[in-house]
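Student: here is the input, now give the coordinates:
(one chain, ligands or ions: 3)
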Amino acid sequence: MNGGDYAVSGGVEDVYGEDAASMDQPITPWTVSVASGYSLMRDPRHNKGLAFTETERDAHYLRGLLPPVVLSQELQEKKLMHNLRQYQVPLQRYTALMDLQERNERLFYKLLIDNVEELLPVVYTPTVGEACQKYGSIFRRPQGLYISLKEKGKILEVLKNWPERSVQVIVVTDGERILGLGDLGCQGMGIPVGKLSLYTALGGVRPSACLPITIDVGTNNEKLLNDEFYIGLRQRRATGQEYAELLHEFMTAVKQNYGEKVLIQFEDFANHNAFELLARYSSSHLVFNDDIQGTASVVLAGLLASLRLLGGTLADHRFLFLGAGEAGTGIAELIALEISKQTGSPIEENRKKIWLVDSKGLIVDSRKESLQHFKKPWAHEHEPVKTLLDAVKAIKPTILIGTSGVGKQFTKEVVEAMASLNEKPLIMALSNPTSQAECTAEEAYTWTEGRAIFASGSPFDTFEYDGKVFVPGQANNAYIFPGFGLGVIISGAIRVHDDMLLAASEALAAQVTEEHYEKGMIYPPFSDIRKISANIAAKVAAKAYELGLASHLPQPKDLVKYAESCMYSPRYRTYR
Ligand SMILES: NC(=O)C1=CN([C@@H]2O[C@H](COP(=O)(O)OP(=O)(O)OC[C@H]3O[C@@H](n4cnc5c(N)ncnc54)[C@H](OP(=O)(O)O)[C@@H]3O)[C@@H](O)[C@H]2O)C=CC1
Ligand SMILES: CC(=O)C(=O)O
Ligand SMILES: [Mg+2]
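Tutor: Ligands and ions are numbered 1, 2, ... in the order given. Purely as a prediction, here's the structure:
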């Protein structure tokens, strides 16, 4: 095939290579057969292990391949949870769960759905961060698709190697900003794999519709380049035109292979590419950047909910961010947009209530010339301020949000300054994983003498202070993207619109009840996440219909019920 020249005439959707026009293209020799016997047990999508019934063992040539006992799925679950709890090392739990996913997919999801609060920290932050750092050493069987510079000119063929045809969501990373852990190159694959397992467990999107992808353009991480177990290309990152061409070929091939309605979620790209990719493809593809948009939506939801505790409206508050990258400026922009919707005031005016600090200090107008484009709208009139503590004293924020990727930045002095300014300081330490959190729950509650409303990106345990039990919220985009994606899918939306993000925020905030507020919570518990996701999906879908972006017609009458009915169930099916 001519490098990059996949725009042949004819051969449209010619999966089996039957048209003359595709004669010069290599094809995948697809076959479809009924799995039975040994191959049935080795197929994670269909395997039930000891839960195969007597009838199924007879009908599917399984006799003798299994010991005599027949277990229920519930007993399998009980046994596996018991086994998992024996591991003291989080990474051992992670590998045990990944092995289960590779062995028995339904049981994996049943565990994850039924024990979400216990297992989320294993398949997701913080443990997934450590897994990515050590991905080469713990690598057993590949998950997802790897598209490297070696595949340039052949990306469409690579996509065709993936066994599933009806993909609805792709989570793609290039591994350059994995959580707050920096450039992990090809080993960032743990993130798309983890995010998509949440799409299924939390949002009910079918596993077969989920495709994790890592684009490998090299890494600038010296440690990985010198690691004998590194699994990626051993070269420094491609940039500029070479990078843009590979990404463009990828975006084109995805649309060509899966059509208009596949949701492409950009995840953990560095900000110098993330904003550009989103801007470039948002008018031609169904794209969503989780770090910019998903994070914005989840934080806005927490802020809307917190007003019940703080009082006032969003417009009455002053916001200070530590970190002015994807998460920080993404959240800031959505807050300004929401205030505009609520008050009718111009967005430029609302931006003035929001201040950001980056590695060089407060973002102010005298720095405007040298700022990256996404920081410029936040360069307000003010004298230069170097440190966060001085910025808190100067700006007097009511709300402090950490999106720096650097741990321990909310020092005792910073938190005490917030407590001296506010009766109930709202403090969000959003950076992941736990090691990068700007402060811990214990620090936030202790340093404010139990007055803080606190939420963090990675989970913290409940904390008792002065006889009162505080439940820290987990302000993580995991509340949003699964339900948001489901809403996009069930409505057949063809583009993502900011109003859909606002709808998701409002839907999430509406799930916080009096009982939660009493415990200081501004997010509902993850144990209710499937119900929450169905509500988010319904509101997102309703907005897509309202905006004329939905293609699944006619619009279902009850969108919550419809969303619930579309959700994946991990219960075993009966085989005839
Ligand atoms: N809870 C959640 O759901 C989410 C959490 N996150 C977390 O947020 C963090 C940041 O992600 P993202 O915004 O994508 O990253 P970016 O790299 O885009 O932005 C990081 C920002 O932090 C600033 N920064 C770095 N070090 C310091 C410092 N010592 N003092 C002040 N500012 C500093 C950078 O400044 P400069 O521009 O000057 O370099 C930059 O503005 C990560 O840890 C990530 O895990 C991200 C998405 C979702
Ligand atoms: C949660 C997330 O997306 C991040 O930390 O990058
Ligand atoms: Mg992310």
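
Student: near ligand 2, which residues of the chain? Just list them.
Tutor: 179, 268, 290, 291, 432, 457, 476, 477 (C-beta under 6 Å from any ligand atom). Every residue, glycine included, has its C-beta placed from N, CA and C.

Student: I'd say residue 376 and residue 368 touch.
Tutor: Yes. With contact defined as C-beta atoms under 8 Å, residue 376 reaches residue 368; the gap is 6.1 Å.

Student: quick one: the strands in the stretch 51-200 of the chain?
Tutor: Taking DSSP state E, counting those that start in this stretch as the test, the strands found in the stretch 51-200 of the chain are 145-148, 169-173.

Student: which of those strands sits most buried?
Tutor: Comparing those by mean neighbour count (mean count of other C-beta atoms under 10 Å), strand 169-173 ranks first with a mean of 27.

Student: and that strand with ligand 3, contact?
Tutor: No. Contact of strand 169-173 with ligand 3 is not found when judged by C-beta under 5 Å from the ion; the minimum separation is 8.1 Å.

Student: so does that strand get close to ligand 1?
Tutor: No. On the criterion C-beta under 6 Å from any ligand atom, strand 169-173 is out of touch with ligand 1, staying 11.8 Å away.

Student: what residues does that strand touch?
Tutor: Here strand 169-173 makes contact (C-beta atoms under 8 Å, 6 or more residues apart in numbering) with 188-189, 191-192, 195-196, 199, 205, 209-215, 250, 254, 258, 262-269, 290, 485, 489.

Student: sitting in helices, which of those residues do you find?
Tutor: If you go by DSSP state H, those have 191, 192, 195, 196, 199, 250, 254, 258, 485, 489 in helices.

Student: tell me the residue of the chain that sits nearest ligand 2?
Tutor: residue 432 (3.8 Å; C-beta to the nearest ligand atom).

Student: for residue 294, give its distance to residue 408.
Tutor: 25 Å (C-beta to C-beta, to the nearest Å).

Student: these two - which one has more neighbours?
Tutor: residue 294 (27 against 13; other C-beta atoms under 10 Å).

Student: now do the contacts for the nearest residue to the more buried one once chain neighbours are set aside.
Tutor: Closest residue in space to residue 294, ignoring its immediate chain neighbours: residue 477 at 3.6 Å, by C-beta to C-beta, 6 or more residues apart in numbering. Listed by C-beta under 8 Å, 6+ apart, the contact set of residue 477 reads 290, 291, 294, 295, 297, 298.

Student: now swap in residue 538 and tell me
Tutor: Residue 538 touches 487, 507, 559, 560, 562, 563, counting by C-beta under 8 Å, 6+ apart.

Student: if we can go back for a sec, which one of the residues of the chain next to ligand 2 is nearest residue 24?
Tutor: For those, the residue nearest residue 24 by C-beta to C-beta is residue 268; the value is 37.1 Å.

Student: state the number of residues packed around the residue in the stretch 51-200 of the chain that ligand 1 sits nearest to.
Tutor: Here the stretch 51-200 of the chain gets closest to ligand 1 at one residue, residue 180, 2.7 Å apart by C-beta to the nearest ligand atom. Using other C-beta under 10 Å, the number of residues around residue 180 comes to 25.

Student: kindly report the same for the one 4 residues further on.
Tutor: As a burial measure, the neighbour count of residue 184 was computed by other C-beta under 10 Å and equals 28.

Student: and it, what pLDDT?
Tutor: pLDDT, residue 184: 98.

Student: again with the one 4 residues further on
Tutor: Per-residue confidence (pLDDT) for residue 188: 98.

Student: isn't it up against residue 268?
Tutor: Yes. Taking contacts as C-beta under 8 Å, residue 188 lies within contact range of residue 268: 6.1 Å.

Student: have a look at those two and say which one is more surrounded.
Tutor: For residue 188 versus residue 268, neighbours defined as other C-beta under 10 Å are more numerous around residue 188 (28 against 25).

Student: give the contact list for the more buried one.
Tutor: So residue 188 contacts 132, 173, 174, 175, 176, 178, 214, 268 (C-beta under 8 Å, 6+ apart).

Student: got phi/psi on residue 429?
Tutor: phi -110, psi 90 (degrees, to the nearest 10).

Student: can you put the ones in helices among the contacts of strand 169-173 in CSV and add distance to residue 537, neighbour count and pLDDT?
Tutor: Shown next, in CSV, are the ones in helices among the contacts of strand 169-173 (distance: C-beta to C-beta, whole Å; neighbours: other C-beta atoms under 10 Å; pLDDT from 0 to 100):
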residue, distance to residue 537, neighbour count, pLDDT
191, 23, 27, 98
192, 21, 25, 98
195, 17, 27, 98
196, 16, 28, 98
199, 12, 31, 98
250, 27, 23, 98
254, 23, 24, 98
258, 20, 20, 96
485, 8, 32, 98
489, 8, 27, 97
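
Student: how about TSV for those, with distance to residue 500 added?
Tutor: Output for these, formatted as TSV (distance: C-beta to C-beta, whole Å):
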residue	distance to residue 500
191	23
192	22
195	19
196	20
199	17
250	24
254	21
258	21
485	11
489	13
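
Student: give me every residue that touches the residue of the chain closest to ligand 2.
Tutor: So residue 432 contacts 125, 126, 129, 179, 180, 457, 458, 476 (C-beta under 8 Å, 6+ apart).

Student: please apply the same query to residue 404.
Tutor: Here residue 404 is in contact with 180, 322, 323, 328, 359, 431, 438 (C-beta under 8 Å, 6+ apart).

Student: how many neighbours does residue 255 have?
Tutor: 17.

Student: name the SS class of the closest residue to it other than its chain neighbours, please.
Tutor: Spatial nearest neighbour of residue 255, chain neighbours left out: residue 285 (6.2 Å); criterion: C-beta to C-beta, 6+ apart. Classification of residue 285 by DSSP: H, G, I helix; E, B strand; the rest coil places it in coil.

Student: count of residues packed around residue 285?
Tutor: With other C-beta under 10 Å as criterion, residue 285 counts 20.

Student: over to the one 4 residues further on?
Tutor: When neighbours are defined as other C-beta under 10 Å, residue 289 has 25 of them.

Student: over to residue 439?
Tutor: Using other C-beta under 10 Å: residue 439 sits among 24 other residues.

Student: on the pLDDT front, check the nearest residue to residue 158 once chain neighbours are set aside for me.
Tutor: Counting by C-beta to C-beta, 6+ apart, residue 158 lies nearest to residue 151, which is 5.1 Å off, once chain neighbours are set aside. Here, the pLDDT recorded for residue 151 equals 97.

Student: so residue 151 touches residue 161, yeah?
Tutor: No. Residue 151 sits out of contact with residue 161 when judged by C-beta under 8 Å, with a separation of 10.1 Å.

Student: of the two, who's got more company?
Tutor: The neighbour comparison of residue 151 against residue 161 (other C-beta under 10 Å) goes to residue 151, with 20 against 9.

Student: so which of the contacts of residue 432 sit within helices?
Tutor: Using DSSP H, the members of the contacts of residue 432 that fall within helices are residue 129.

Student: most neighbours among the contacts of residue 432, which one?
Tutor: Highest count within these by other C-beta under 10 Å belongs to residue 457, 29 neighbours.

Student: how much space separates it from residue 495?
Tutor: The value you get for residue 457 to residue 495, if C-beta to C-beta is used, is 28 Å.
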